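Sharing a model prediction with you, sequence too.
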Amino acid sequence: MKFFVSSKSVATLHGDTLVCFVREDKNESVAFDAVLSSINTLSQGRIRTLLAEEHFTPKVGATCSIQMSGSFPFHRVIIAGLGNDALTAYELQEAVAAATVRAKKVKTNTCVFLLPQSCIDRFQTFLATRLFVEAIGLGSYSFLPYKNKKTREEDQDITSVTFVVEPSHMAEAMKGIVAGSTRASGTIFARDLVNEPSSVMTPSALARAAKSLTKNKRIQCTVFGKKEIAKFGMGAFFGVARGSDEEPKFIKLVYTAPKSTSTRSVSTTKTICLVGKGITYDSGGLSLKPASGMETMKCDMAGAAAILGVFETIASLKPTVNVTGLIATCENMPSGHAMKPGDVVRAMNGKTIEVLNTDAEGRLILADALSYAQKYVKSDYTIDVATLTGACMVALGEDVAGVFANDDGLAQNLLDASHIAGEKFWRLPLEKIYEADLKSKVADIQNVSKAHYGGAINGALFLKEFVGKNSKWAHLDIAGPAFAEKETSLSKFGGTGFGVRTLLSFIELKNKEN
């Protein structure tokens, strides 16, 4: 898909589909701005007439496709609702993605989007255009390698998109196109990794995907195997992995920022460490999940996929912060070699863990990854990303991820980044009173709480045990939004690539501080 910007009048342009956006007025009716009014006049009033006949209401996500005829320069016009003035980045992207899905259904090849002045006023030209491009890319996404040839051929993608803006906005719109395209690319990269069957996306395959990112010279990748994992003393990670025939991998990615041209000291360059859970398939181990609970467990490496999506994109953005990515990846399987409930494992930082439930395995592999980060990565911020707990879905539902942090500034930075990215996060507490429920009678700590409630908090409190006291650390529990079982315009069934855009926005925020 190619993107263009034009400041020409719509009357002088041509294409398959023209997409226009409308807001609600005070009576929740369609509000035509000056540009859409002129287009309606060009259509001889057809647009307003058909919207009235269809009883169209401009709610976010609502669309109406109008076939045109005569001398009108487009075959059809799609009208998409924007709701009211209090539009969030997420709602804007839902609206744009809904229009994109509608355009694909009518076999659009070339598409022209009017960039509404109301969106430019609310988000500024650069961000508005970036959000549009991301939403178009994600809304048109399909995962089809296992579909038949006819289905793949029928899934015709839009080949070109032109944004119509005022001449004074052209330069910023072009910058927004570049930024949006790269961010969508990283998100789609993560989606593809999650959507592959677990028989294909093994720990070794995930490691190969990481190595493929070193085509950019600013990214280095090191993959450690079973022997190195044992040498590091990663007993918790190895305990989870030993039930599977697939060899575990510990992946380290490093993005090195370009040298600054400023006069400031190089030592002030910030370093961010991203840590990802990479369980490529989770059966629950000997604490076996029910059959229905295993159907989508190829998605348990979505945290790792999000980090790889960030690295797929980051070199194009060229931030002046250094970024390290750490991914512990393995399968959690039952076998004669598998870890048993009641076993005790020793993490890399020396702490012993009583494993009462082998289905609480993500926190075990992250314990060693976080311990490695503390010992070998000198970072200003450490952020782990994981599909950690079903309890977070109970608390926040399927669309909102949880944020836990030991630093208020870091938590707020991540929430600010999520608002810019159009992804939904909510901060949850690291409630100290619950720490006692993780104490073990036979080891330093146990991997599940004695209490029946607060599972997402308890998971975060467990991870905090493997983070240095002076480290600024955040845990992102993305169990809900990482995998879409109900489709939206932005996310088809399957992996969503959730977290990629928020992490990139966080990196950009820190880049501005440099």
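Yes, it's here.

chain center to stretch 4-19: distance?
On the basis of CA atoms, centre = their mean, to the nearest Å, stretch 4-19 sits 31 Å off its chain's mean C-alpha point.

tell me which residues of it are tucked away?
If you call a residue buried by 16 or more other CB atoms under 10 Å, then stretch 4-19 has these buried ones: 5, 6, 10, 15, 16, 17, 18, 19. For glycine as for every other residue, the C-beta is placed from the backbone atoms N, C-alpha and C.

residue boundaries of the strands in the stretch 151-300 of the chain?
Shown for the stretch 151-300 of the chain, the strands assigned by DSSP state E, counting those that start in this stretch span residues 160-164, 219-224, 249-255, 271-282.

Let me know which of those strands is tucked in deepest.
Compared across those, strand 271-282 shows the largest average neighbour count, a mean of 27 (mean count of other CB atoms under 10 Å).

what's that strand packed up against?
helix 203-211, helix 302-317, strand 322-332, helix 362-376, strand 381-386, helix 500-513 (3 or more CB pairs under 8 Å, 6 or more residues apart in numbering; DSSP states H and E).

Could you export it as CSV, CA atoms only?
What follows is strand 271-282, C-alpha atoms only, in CSV (Å, rounded to 0.1, in the frame of the first residue of the first chain):
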residue,chain,number,x,y,z
THR,A,271,18.8,3.1,28.1
ILE,A,272,15.5,1.2,28.1
CYS,A,273,15.3,-2.5,28.7
LEU,A,274,12.3,-4.4,27.4
VAL,A,275,11.7,-7.9,28.7
GLY,A,276,9.2,-10.3,27.0
LYS,A,277,7.5,-13.5,27.9
GLY,A,278,7.9,-15.9,25.0
ILE,A,279,5.9,-19.1,25.9
THR,A,280,5.3,-20.3,22.3
TYR,A,281,2.7,-22.8,23.6
ASP,A,282,1.2,-23.1,27.0
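
Now do that strand and helix 362-376, the angle between them.
150 degrees (axes from the mean of the first three to the mean of the last three CA atoms, to 10 degrees).

Parallel or antiparallel, list what pairs with strand 271-282.
As defined by DSSP bridges, the strand partners of strand 271-282 come to strand 322-332 (parallel), strand 381-386 (parallel).

how does this protein divide into domains?
2-181, 196-211+223-236+265-327+336-513 (automatic domain parsing).

tell me the mean pLDDT over the shortest one?
Okay, so that is domain 2-181. Averaging pLDDT along domain 2-181 yields 92.

and what of the longest one?
Taken as a whole, domain 196-211+223-236+265-327+336-513 carries a mean pLDDT of 96.

re the thing from before, so for residue 364, which of the strands paired with strand 271-282 sits nearest?
strand 322-332 (9.1 Å; CB to CB).

What residues sit buried inside the helix or strand that the closest one is followed by?
Downstream of strand 322-332, the first helix or strand assigned by DSSP states H and E is strand 343-346. For strand 343-346, the neighbour count (16+ other CB under 10 Å) marks 345, 346 as buried.

got the contact list for the next helix or strand after strand 343-346?
Using DSSP H and E, the helix or strand that directly follows strand 343-346 along the chain is strand 352-355. Outside strand 352-355, the residues that touch it by CB atoms under 8 Å, 6 or more residues apart in numbering are 236, 239, 339-347, 364, 367, 440-447.

quick one on the thing from earlier: so which of the buried residues of stretch 4-19 comes closest to residue 226?
residue 5 (51.6 Å).

Quick one: the strands paired with strand 271-282 as a markdown table, columns for distance to residue 152 and mean neighbour count too.
As requested, the strands paired with strand 271-282 are exported to a markdown table (distance: least, CB to CB, whole Å; neighbours: other CB atoms under 10 Å):
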| stretch | distance to residue 152 | mean neighbour count |
| --- | --- | --- |
| strand 322-332 | 29 | 27 |
| strand 381-386 | 31 | 28 |
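
looking at these, which is closest to residue 68?
Closest of the strands paired with strand 271-282 to residue 68 is strand 381-386, at 45.9 Å (criterion: CB to CB).

circling back: can you add distance to residue 254 and give the domains of the chain back as JSON lines?
Listed next are these as JSON lines, based on distance: least, CB to CB, whole Å:
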{"stretch": "domain 2-181", "distance to residue 254": "23"}
{"stretch": "domain 196-211+223-236+265-327+336-513", "distance to residue 254": "5"}
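
Need the distance between the two termini of stretch 275-290.
With CA to CA, to the nearest Å as the measure, stretch 275-290 spans 29 Å from end to end.

nope, stretch 397-410 is what I meant
Stretch 397-410 has an end-to-end distance of 23 Å (criterion: CA to CA).

Go through that stretch and flag the buried ones.
Those would be 399, 400, 401, 402, 403, 404, 405, 406, 410, for stretch 397-410 by 16+ other CB under 10 Å.

Summarise which helices and strands the longest helix seen in the chain is packed against.
Determined from DSSP state H, the single longest helix within the chain is helix 170-195. If contacts are counted by 3+ CB pairs under 8 Å, 6+ apart, helix 170-195 sits against strand 2-6, helix 125-139, helix 302-317, strand 494-495, helix 500-513.

which residues touch the spatially closest residue to residue 313 that is not a sequence neighbour?
Excluding the flanking residues, the one nearest residue 313 by CB to CB, 6 or more residues apart in numbering is residue 186, at 3.3 Å. By CB under 8 Å, 6+ apart, residue 186 lies in contact with 309, 310, 312, 313, 314, 497, 500, 501, 504.

Determine which two of those residues are furthest apart.
314 and 497 (14.6 Å).

I'd like to know the beta-bridge partner residues of residue 219.
Residues in beta-bridge contact with residue 219 (DSSP bridges): residue 255.

Next up, the contacts around it.
Contacts of residue 219 (CB under 8 Å, 6+ apart): 213, 253, 254, 255, 311, 314, 315.

at 10 Å what do you get?
With contact set as CB atoms under 10 Å, 6 or more residues apart in numbering, residue 219 has these partners: 210-211, 213, 253-256, 311-312, 314-315, 323, 325.

Same check on residue 461?
363, 404, 429-432, 434-435, 437-438, 445, 449, 454, 475.

Residue 39 - how many residues pack around it?
Look at residue 39: counted by other CB atoms under 10 Å, it has 21 neighbours.

before we move on, what SS does it have?
Under DSSP: H, G, I helix; E, B strand; the rest coil, residue 39 falls in the helix class.

what's the closest non-adjacent residue to residue 402?
Counting by CB to CB, 6+ apart, the residue nearest residue 402 is residue 477, at 4.1 Å.

which residues does that neighbour form a beta bridge with?
Bridge pairing for residue 477 - DSSP bridges - gives residue 386, residue 402.

Neighbours of it, how many?
The number of residues packed near residue 477 is 32, by other CB under 10 Å.

Make sure it is actually in contact with residue 405.
No - using CB atoms under 10 Å, residue 477 is not in contact with residue 405, being 11.8 Å away.

Can you check which residues contact both of these two?
Here residue 477 and residue 405 share the contacting residues 428, 460, scored by CB under 10 Å, 6+ apart.

In the stretch 1-150 of the chain, what residue spans correspond to helices?
Along the stretch 1-150 of the chain, counting by DSSP state H, counting those that start in this stretch, helices occupy 34-42, 46-53, 89-105, 117-123, 125-139, 149-154.

residues making contact with the last one?
Think helix 149-154. The contact list for helix 149-154 (CB under 10 Å, 6+ apart) reads 107, 142, 144, 145, 146, 147, 148.

Sounds good, over and out.
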